[in-house]
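Visitor: here is my input, please return the structure:
(one chain, ligands or ions: 1)
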Amino acid sequence: MLPSADQNEILRRRTFAIISHPDAGKTTLTEKLLLYGGAIHVAGAVKSNKIRKTATSDWMEIEKQRGISVATSVMGFDYDGYHINILDTPGHQDFAEDTFRTLTAVDSAIVVIDSAKGVETQTRRLMEVCRMRKTPVMVFMNKMDREGKDPFDLIDEAERELHIHCTPVTWANGQGLKFESVFALDNRPTELSDKLQADLELIDGVYPTFDREAYLRGELAPVFFGSAYKTIGVQELLNFFVANAPSPRPVTAEERQVEPMEDKFTAFCFKIHANMDPNHRSCIAFFKICSGKFLRNTYYYHVRKEQQMRFAAPTCFMAQKKETVDEAFAGDIVGLPDTGNFKIGDTLTAGEKLHFKGLPSFSPEMFKYIDNADPMKQKQLEKGVNQLMDEGVAQLFVSQLNGRKIIGTVGQLQFEVIEYRLEHEYQAKCKWQPLQMYKACWIESDDDAELDTFKKRKAQYMAYDKEGRDVFMADSAYVLSMAQQDYKHIKFHFTSEF
Ligand code: G4P
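Guide: Numbering: from 1, shown residues only. Here you go, the predicted model:
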């Protein structure tokens, strides 16, 4: 076990992400939290973080902004004796896979909902990932200063759409133009309007009191109301958050469960951020520390490469600055400068052969064959494609029928990023051929004979993922549902870990 001073460092850490549909107010809320932490001094400072709406089709512009946002990938600051790490998640849906992976590195999440719009698509999808991982979540109903949906309807909608029990912790005094303040339900004002009186009676009759254990199990979400823009209800959220959100949680490796307080250092890589400048090909590999303490210039074991490595310039992220650090603790994120040594999912330890689980690939939504367009540059193309996939830019599948390579992404922009980077960083040229595909499904079955028959029958739709696992490429929802009906013992999964 670690010495108690180090244990205290870990206990005071709160590492989380704010998730929402674009425009619900994630950036505004982040900024207000940073203001409370004294990490920034003026509103508007985090704006560079955001991929602007006007730039949605111009990916170079987006990459430039993503470059700026390396500094805001993790925002660390102290508040009331706690050390908070906010992990930023890209707002643009073409980079949704990045966001999914970032959620594997957080210990909890805050879901921001626009009270006029209710639960929107992106929020629903991100919440699925939280549910899968049993991540504790709190809900912030934002923009209460606008005319929006009735608060009770909003809670109902959150319960229904996010599949989680909810209970309000604060309540809004008015809504729209009349919205002035919020109050904690366990500290109610004495003077109440008739409307508020009626609201409170209903709340007491319908919602359970907050049960922290149920929250920590990911079964109950406390709900807050407010306006990030007007800074109302934010401090109530923050105070409740630091007091109740979990400190770093145990992480499951294939070999065993790893406890944050163990004295030996362990960490996994959940994100690689490449510098788009071809003259300075360098990356930052982001590691989440799962246990113990990380020290600069100390040798650690790179499990996949079976190699000792040490890092002279590791960075931590304080407020919006990247700073070289000498030490970091379980719960923290360290950025390690990288020149191609790391892949997403890699593990660093103090010598133990550990492999962390739970960095699933999600089924892409768009698929294209990738072919070589320059016969002289076959090797470069292969190297480029492999490295870009290791970085997690997209997913590679290989057809079992003809050996052709298929790239799967969640958005068109990623194909453009790949083509550009192949050309500029690897001097390789590629051609795309669109493929009408619905989903890639990872398959498993207890019935080997049935699985065999299925693979033979569907040979032209079978592919391998980059780990060599069998994947069924369903070309329509109908084909998939027919396959599910015909092959009762086969399970079709939309993520690579089940
Ligand atoms: P995002 O990161 O989730 O995409 O959302 P962001 O915070 O950028 O907020 C989106 C828009 O909603 C912004 O307006 C922001 O000012 C506004 N907003 C955020 N919180 C509230 C709130 O509590 N009440 C109201 N009324 N508006 C809110 P914008 O016009 O797009 O940008 P800006 O010109 O204000 O910067």
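
Visitor: which parts of this structure are helices?
Guide: 4-11, 26-36, 59-68, 96-102, 121-133, 151-162, 194-206, 212-216, 234-244, 378-390, 412-426, 448-457, 477-486 (DSSP state H).

Visitor: mind putting the ones you listed into CSV with distance to F342?
Guide: Yep, even glycine has a C-beta here, placed from its N, CA and C like the rest. Output for the helices of the chain, formatted as CSV (distance: least, Cβ to Cβ, whole Å):
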stretch, distance to F342
helix 4-11, 24
helix 26-36, 27
helix 59-68, 19
helix 96-102, 13
helix 121-133, 22
helix 151-162, 34
helix 194-206, 49
helix 212-216, 31
helix 234-244, 31
helix 378-390, 8
helix 412-426, 17
helix 448-457, 33
helix 477-486, 35
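
Visitor: just so I know, which of those helices lies nearest W432?
Guide: W432 lies closest to helix 412-426 among the helices of the chain, at 6.3 Å (Cβ to Cβ).

Visitor: same for that closest one, what does it pack against?
Guide: Contact partners of helix 412-426 among helices and strands, from 3 or more Cβ pairs under 8 Å, 6 or more residues apart in numbering; DSSP states H and E: helix 59-68, strand 366-372, helix 378-390, strand 405-409, strand 430-435.

Visitor: turn those into CSV, columns for distance to the ligand and mean pLDDT.
Guide: Formatted as CSV, these follow (distance: least, Cβ to the nearest ligand atom, whole Å; pLDDT from 0 to 100):
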stretch, distance to the ligand, mean pLDDT
helix 59-68, 13, 58
strand 366-372, 23, 96
helix 378-390, 27, 91
strand 405-409, 22, 94
strand 430-435, 30, 95
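
Visitor: in a markdown table, list those along with mean neighbour count.
Guide: Listed next are the helices and strands packed on helix 412-426 as a markdown table, based on neighbours: other Cβ atoms under 10 Å:
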| stretch | mean neighbour count |
| --- | --- |
| helix 59-68 | 17 |
| strand 366-372 | 18 |
| helix 378-390 | 17 |
| strand 405-409 | 22 |
| strand 430-435 | 14 |
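
Visitor: who wins for proximity to R131 among the ones you listed?
Guide: R131 sits nearest to strand 405-409 of all those, at 23.3 Å, using Cβ to Cβ.

Visitor: quick one: contacts of that closest one?
Guide: Here strand 405-409 makes contact (Cβ atoms under 8 Å, 6 or more residues apart in numbering) with 94, 97, 363-371, 385, 394-399, 415, 418, 435, 437, 440, 463, 473.

Visitor: run the last query once more with 7 Å
Guide: 364, 366-370, 385, 394-399, 415, 418, 435, 440, 463 (Cβ atoms under 7 Å, 6 or more residues apart in numbering).

Visitor: same check on stretch 228-240?
Guide: Here stretch 228-240 has contacts from 25, 28-29, 32-33, 36, 79, 140, 142, 145, 169-170, 181-182, 184, 222, 224-227, using Cβ under 7 Å, 6+ apart.

Visitor: so which of those reach the ligand?
Guide: Contacts with the ligand within the contacts of stretch 228-240, counted by Cβ under 6 Å from any ligand atom: 25, 28, 142, 145, 227.

Visitor: who wins for neighbours among the residues you listed?
Guide: Highest neighbour count within these, by other Cβ atoms under 10 Å: N142, with 28 neighbours.

Visitor: once you drop chain neighbours, what's closest to it?
Guide: Distance criterion Cβ to Cβ, 6 or more residues apart in numbering; nearest residue to N142, sequence neighbours excluded, is G25 at 4.2 Å.

Visitor: pretty sure the one you found is touching V112, no?
Guide: Yes - between G25 and V112 there is a contact under Cβ atoms under 7 Å: 5.4 Å.

Visitor: between those two, what contacts are shared?
Guide: When contacts are counted by Cβ under 7 Å, 6+ apart, G25 and V112 are jointly contacted by N142.

Visitor: related to what we said a few turns ago, pick out the shakiest of the helices of the chain, pLDDT-wise.
Guide: Mean pLDDT per stretch puts helix 59-68 lowest among these, at a mean of 58.

Visitor: tell me the contacts of T99?
Guide: Counted by Cβ under 7 Å, 6+ apart, T99 has contacts 89-90, 126.

Visitor: same thing but 8 Å
Guide: Residues in contact with T99, defined by Cβ under 8 Å, 6+ apart, are 19, 89-90, 126.

Visitor: ok, it to the ligand distance?
Guide: 12 Å (Cβ to the nearest ligand atom, to the nearest Å).

Visitor: also Q197?
Guide: Using Cβ to the nearest ligand atom, we find Q197 at a distance of 26 Å from the ligand.

Visitor: contact residues of the stretch 1-150 of the chain facing the ligand?
Guide: Counting by Cβ under 6 Å from any ligand atom, the stretch 1-150 of the chain sits next to the ligand at 20, 22-28, 50, 91, 142-143, 145-146.

Visitor: need those residues in JSON lines with distance to V251, can you?
Guide: JSON lines is the format used below for these (distance: Cβ to Cβ, whole Å):
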{"residue": "S20", "distance to V251": "25"}
{"residue": "P22", "distance to V251": "30"}
{"residue": "D23", "distance to V251": "33"}
{"residue": "A24", "distance to V251": "29"}
{"residue": "G25", "distance to V251": "30"}
{"residue": "K26", "distance to V251": "26"}
{"residue": "T27", "distance to V251": "29"}
{"residue": "T28", "distance to V251": "31"}
{"residue": "K50", "distance to V251": "30"}
{"residue": "G91", "distance to V251": "27"}
{"residue": "N142", "distance to V251": "31"}
{"residue": "K143", "distance to V251": "35"}
{"residue": "D145", "distance to V251": "40"}
{"residue": "R146", "distance to V251": "40"}
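
Visitor: any idea which of those residues is closest to S4?
Guide: K26 (36.3 Å).

Visitor: correct me, but that closest one touches L33?
Guide: No - contact criterion Cβ atoms under 8 Å: K26 and L33 do not qualify, at 10.7 Å.

Visitor: pull the number of nearby residues for D150.
Guide: Other residues near D150 come to 12 when the count uses other Cβ under 10 Å.

Visitor: now it: phi and psi?
Guide: Phi and psi for D150, reported as degrees, to the nearest 10, are phi -60, psi 140.

Visitor: quick one: residues contacting L388.
Guide: Neighbours of L388 in contact, by Cβ under 8 Å, 6+ apart: 394, 418, 421-422.

Visitor: could you do T315 as well?
Guide: 284, 322-325, 334-337.

Visitor: nearest to the ligand among the residues you listed?
Guide: K322 (21.5 Å; Cβ to the nearest ligand atom).

Visitor: give me the number of residues near the closest one?
Guide: K322 has 16 nearby residues by other Cβ under 10 Å.

Visitor: for it, which non-adjacent residue is closest in space?
Guide: T315 is the one closest to K322 (Cβ to Cβ, 6+ apart), at 4.6 Å.

Visitor: quick one: S115 and K143 touch, right?
Guide: Yes - taking contacts as Cβ under 8 Å, S115 lies within contact range of K143: 5.1 Å.

Visitor: show me how the record splits this structure into domains.
Guide: Following automatic domain parsing, the chain resolves into domains at 18-69+106-245, 252-349, 366-493.

Visitor: compare those and give me the one nearest S4.
Guide: The closest of the domains of the chain to S4 is domain 252-349. By Cβ to Cβ, the value is 9.8 Å.

Visitor: any idea of the mean pLDDT in that closest one?
Guide: For domain 252-349, the mean per-residue pLDDT is 89.

Visitor: on that earlier part again, the residues of the stretch 1-150 of the chain next to the ligand in strands, which ones?
Guide: Of those, the ones assigned to strands by DSSP state E are 20, 142.
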